[in-house]
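J.: Show me how the following folds:
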Amino acid sequence: MAADYVLAIDQGTTSSRAIIFDHSGSIVSVGQLEHDQIFPRAGWVEHNPEQIWNNLREVVGLALTRANLTKEDLAAVGITNQRETAVVWDKTTGKPVYNAIVWQDTRTQKIVDELGGSEGPDKYKAKVGLPLATYFSGPKVKWILDNVEGARDAAERGDLLFGNTDTWTLWNLTGGVDGGVHVTDVTNASRTMLMDLDTLSWDESIAKDMGIPLSMLPEIRSSSEVYGKGRPHGMLEGVPIAGILGDQQAATFGQACFEIGSAKNTYGTGNFMLLNTGEEKIPSKNGLLTTVCYKIGDNKPIYALEGSIAVTGSLVQWLRDNLGMFTDAPDVEWLAGKVEDNGGAYFVPAFSGLFAPYWRPDARGALVGLTRYVNRNHIARAALEATAFQTREVLDAMNADSGVDLTELKVDGGMTANDLLMQFQADQLGVDVVRPKVAETTALGAAYAAGIAVGFWNGEQDVIDNWAEDKRWSPDMDQGERERLYRNWKKAVTKTFDWVDDDVEQ
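T.: Below is the predicted model:
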């Protein structure tokens, strides 16, 4: 039987999905399950890694069953994942020693401050491309070793393993305690604060600073090669696991952003814009991250500039779940469409501090500009507009860092179904916003990486050939109005600064 399909496992922040693609890059079937969002304290965000692994097995079964396929039909499996979410587990029992600490979690602020010391947040930036921030995995691992009873002793004995959720997924898929492969790819490794961007290897001195034994760290490999095969007696037994890309890099790959200067923006729980800078790593002077975009097999690594925004789609979830403003997330567009503008209200969702381009962990969310005139429709609109304003801030930083003004922006992710937001985005950026036919570009990118590794696709050209435009939004706002709105947004952002004091629980 011909293996005519590739399976992508997309282990995301709110759910895990399995998506089967055919050779044209079209979706054949999907399985999806949400997992619990655990908030033990203000600023703390956790997931249960065992729940995630159970869900992953179930969604793979769902996707295969819905397509009436079996493992024999699959040429390869690719993995993409929420980056910076840290899992530490015991290699002999397979059990996590603590919940996964999610990328949005801010509990490590004191650790980050202590690591920076007199040198500040840019202490390691020249090596790793990242500022010291609670966002990244390394400080989370240190927190677990410092705070979970017996964890540091077990780590020193060599009994504990660490990985982002790609590594946890791969280890379990390939056998777990019975020969599981402990590997990550360069894109995920570049989000730990522990990998040297030039050598693509773990930096011993930084690991030592964080008190993380090197024995815990997975082997760093390319984004497209065979790491291992599905575990015996499993649904994917014998199928090559052959691609790993962190979710935002996977979306960049799926969007065929292979040319230097091409960029995409993913609208998910947060927003993440990546700009391909080729084989050159460009240090940012404007609050962006320097990261690995992808590495195909033995080819040289391709780098990117990234602007990371912590809260976009999760603000809509917050309006739904915490405030009960509507029942279904898409209803936010219906509410926002009932008014002509934001009524003077601006919503800055600094729930986890502010990421790019500010990097202000002391910031907290603020809804400003309120008058008696403002109603819930205006607040819904302000929430959507916040996503577009934050994206413009990142694009401005990218244009400044790269010296090249983007002429259009490729977009993907769930929020791109929102026409009101996409039009406002084009209006704010002053360039066309373009959505592809397959909006699930994150899973698609992981599928491509895996398929290329086993010869199912012939490199990047097949990805380019498969990409097709679905919809385009062009700017349609008066320049004066565009700048007035943005000026007020910038003013609103300043109102969120300096909220967290030293004596306030972070």
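
J.: in the helix ranked longest in the chain, what's buried?
T.: Longest helix in the chain by number of residues (criterion: DSSP state H): helix 376-402. Buried residues in helix 376-402, counted by 16 or more other CB atoms under 10 Å: 377-398, 401-402. Using the backbone N, CA and C atoms, a C-beta is placed for each residue, glycine as well.

J.: any weak-confidence spans in this protein?
T.: Counting by pLDDT under 70, the chain contains low-confidence residues at 1, 502-506.

J.: quick one: the residue lying farthest from the centre of it and Leu421, what's the gap?
T.: Centroid-distance maximum for the chain: Arg372 at 37.9 Å, with CA atoms, centre = their mean. Remark: distance between Arg372 and Leu421 (CB to CB, to the nearest Å) = 27 Å.

J.: again with Gly78
T.: Applying CB to CB to Gly78 and Leu421 gives a distance of 29 Å.

J.: Between those two, tell me which one has more neighbours.
T.: Using other CB atoms under 10 Å as the criterion, Gly78 and Leu421 rank with Gly78 on top: 32 against 27.

J.: SS state for that one?
T.: The three-state label given to Gly78 by DSSP: H, G, I helix; E, B strand; the rest coil is strand.

J.: packing partners for whichever helix or strand comes after the longest helix of the chain?
T.: Going down the chain from helix 376-402, the next helix or strand is strand 408-412, by DSSP states H and E. For strand 408-412, the elements it packs on are strand 263-267, helix 419-429, strand 432-436, judged by 3 or more CB pairs under 8 Å, 6 or more residues apart in numbering; DSSP states H and E.

J.: again, 10 Å this time
T.: helix 247-254, strand 263-267, strand 271-278, helix 376-402, helix 419-429, strand 432-436, helix 441-453, strand 469-473 (3 or more CB pairs under 10 Å, 6 or more residues apart in numbering; DSSP states H and E).

J.: could I get those as TSV with distance to Lys295?
T.: Shown next, in TSV, are the helices and strands packed on strand 408-412 (distance: least, CB to CB, whole Å):
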stretch	distance to Lys295
helix 247-254	10
strand 263-267	18
strand 271-278	13
helix 376-402	21
helix 419-429	30
strand 432-436	23
helix 441-453	10
strand 469-473	28
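
J.: who wins for proximity to Gln317 among these?
T.: Among the helices and strands packed on strand 408-412, helix 376-402 comes nearest to Gln317, with 10.4 Å by CB to CB.

J.: Just want the angle from the closest one to strand 408-412.
T.: For helix 376-402 against strand 408-412, the angle between stretch directions is 120 degrees (axes from the mean of the first three to the mean of the last three CA atoms, to 10 degrees).

J.: Please tell me how far helix 376-402 is from the chain's geometric centre.
T.: 18 Å (CA atoms, centre = their mean, to the nearest Å).

J.: Can you point out the buried residues in the helix or strand Gln461 falls within?
T.: Using DSSP H and E, Gln461 falls within helix 460-466. Within helix 460-466, the residues that qualify as buried are Glu460, Asp462, Val463, Asn466, counting by 16+ other CB under 10 Å.

J.: can you check stretch 309-327 too?
T.: Residues of stretch 309-327 classed as buried: 309-316, 318-320, 325-326 (neighbour count, 16+ other CB under 10 Å).

J.: Name the nearest of those residues relative to Ala151.
T.: Using CB to CB, these come closest to Ala151 at Ala310, 27.1 Å.

J.: you'd agree Gly343 is up against Leu370?
T.: Yes. Gly343 is in contact with Leu370 according to CB atoms under 10 Å; the separation is 8.8 Å.

J.: Could you tell me which residues touch both of those two?
T.: His378, Ile379, Ala382 (CB atoms under 10 Å, 6 or more residues apart in numbering).

J.: Verify the contact between the first one and Leu370 for me.
T.: Yes. Counting by CB under 10 Å, His378 does reach Leu370; the two are 9.0 Å apart.

J.: Please identify every residue contacting each of the two.
T.: Listed as contacting both His378 and Leu370 by CB under 10 Å, 6+ apart are Gly343, Gly344, Ala345.

J.: In contact with the last one, which residues are there?
T.: Counting by CB under 10 Å, 6+ apart, Ala345 touches 367-371, 373-375, 378-379, 381-383, 385, 488, 492.

J.: from the middle of its chain, how far away would stretch 45-59 be?
T.: With CA atoms, centre = their mean as the basis, stretch 45-59 stands 17 Å off its chain's centre.

J.: What number of residues are in the vicinity of the residue nearest to Tyr124 when sequence neighbours are not counted?
T.: In this structure, Tyr124 finds its nearest non-sequential neighbour in Ile206, 5.7 Å apart by CB to CB, 6 or more residues apart in numbering. When neighbours are defined as other CB under 10 Å, Ile206 has 20 of them.

J.: measure Asp321 to Ser26 for me?
T.: 33 Å.

J.: out of Gly343 and Leu370, which sits in the busier spot?
T.: A direct count of neighbours by other CB under 10 Å for Gly343 and Leu370 places Gly343 higher, at 17 against 14.

J.: Who's the closest spatial neighbour of that one, skipping the chain neighbours?
T.: Gly343 sits nearest to His378 (CB to CB, 6+ apart), 3.6 Å away.

J.: ok, now how distant is that neighbour from Leu315?
T.: Per CB to CB, His378 is found 15 Å from Leu315.

J.: again, but for Ser16
T.: Distance, Ser16 to Leu315, using CB to CB: 22 Å.

J.: ok so, going back, among the helices and strands packed on strand 408-412, which is nearest Ile9?
T.: With respect to Ile9, and counting by CB to CB, the nearest of the helices and strands packed on strand 408-412 is helix 441-453 at 7.3 Å.

J.: now the angle from that closest one to strand 263-267?
T.: Going by the same axes, to 10 degrees, helix 441-453 makes 130 degrees with strand 263-267.

J.: Spell out the residue ranges of the helices in the stretch 201-350 of the chain.
T.: 204-209, 247-254, 313-321, 331-336 (DSSP state H, counting those that start in this stretch).

J.: Provide the angle between the direction of the second one and the direction of helix 441-453.
T.: Just to be clear, that refers to helix 247-254. Angle of helix 247-254 versus helix 441-453, following the same axes, to 10 degrees, is 70 degrees.

J.: Quick one: residues contacting the closest residue to Lys410 other than its chain neighbours.
T.: Distances taken as CB to CB, 6+ apart put Lys264 closest to Lys410, at 4.3 Å, once the chain neighbours are dropped. Residues counted as contacts of Lys264 (CB under 10 Å, 6+ apart) are 248, 251-257, 272-276, 304, 409-413, 434, 436, 441, 445.

J.: again, but for Arg157
T.: By CB under 10 Å, 6+ apart, the contact set of Arg157 is Pro213, Ser215.

J.: do Asn48 as well
T.: The neighbourhood of Asn48, defined by CB under 10 Å, 6+ apart, consists of His35, Asp36, Ile38, Asn54, Asn55, Pro96, Asn99, Ala100.

J.: Just send those residues back as CSV, with distance to Ser352 and neighbour count too.
T.: Shown next, in CSV, are the contacts of Asn48 (distance: CB to CB, whole Å; neighbours: other CB atoms under 10 Å):
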residue, distance to Ser352, neighbour count
His35, 19, 20
Asp36, 18, 12
Ile38, 15, 14
Asn54, 27, 15
Asn55, 24, 21
Pro96, 22, 22
Asn99, 17, 21
Ala100, 16, 29
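
J.: out of those, which are inside helices?
T.: Asn54, Asn55.

J.: Out of the contacts of Asn48, name the ones that lie in strands.
T.: If you go by DSSP state E, the contacts of Asn48 have Ala100 in strands.

J.: Name the member of the contacts of Asn48 with the shortest distance to Pro121.
T.: Taking CB to CB as the measure, Pro121 sits nearest to Ala100 out of the contacts of Asn48, at 24.3 Å.

J.: Distance-wise, check the closest one relative to Ala443.
T.: To Ala443, Ala100 is 20 Å away according to CB to CB.
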